[in-house]
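In: got a structure for you, letters missing:
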């Protein structure tokens, strides 16, 4: 069983979030978008907007950053890691989720994209 969660407006053929088996929320990669437009800036600015968008999907499912158990972070250059990590640490309380960070070519000139999995309390 799965159920769609909105929270943000997708830029393609995907759901912002899917709740599976009533217990797991899978959040699609979120980027630095406001009102459907990319907001390009420093890695800190883009990470903050990206995590705010991730938070909107989490909230739409009734969970918070504290419920996130895994994140995938994609950045456009290894030199951006420290700036991304600085902002990332502000959003996730201890114990922080497991995380993988990958340097990747991202679309539309953005510097960061983040997806996650959260556990919904039963």
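Out: In hand now; what should we look at? These numbers were taken from a predicted model, which means no experiment stands behind them.
In: In contact with residue 46, which residues?
Out: 31, 32, 39, 40, 110, 111, 112 (C-beta atoms under 8 Å, 6 or more residues apart in numbering). Bear in mind the C-beta positions are built from the backbone N, C-alpha and C, glycine included.
In: what about the chain, any weak spots by pLDDT?
Out: 122 (pLDDT under 70).
In: Can you give the distance from the longest helix anywhere in it to the centre of its chain?
Out: The longest helix of the chain (DSSP state H) is helix 43-60. Taking the mean of its C-alpha atoms, helix 43-60 sits 6 Å from the chain's own mean (C-alpha atoms, centre = their mean, to the nearest Å).
In: In the host helix or strand of residue 74, which residues are buried?
Out: Using DSSP states H and E, residue 74 sits within strand 68-75. Within strand 68-75, the residues that count as buried by 16 or more other C-beta atoms under 10 Å are 68, 71, 72, 73, 74, 75.
In: Give the bridge partners for the last one, please.
Out: I take that to be residue 75. On the basis of DSSP bridges, residue 75 is bridged to residue 103, residue 112.
In: Please apply the same query to the second one.
Out: Each beta-bridge partner of residue 71 is listed here: residue 99, residue 116, as defined by DSSP bridges.
In: Please consider this matter closed, and thank you.
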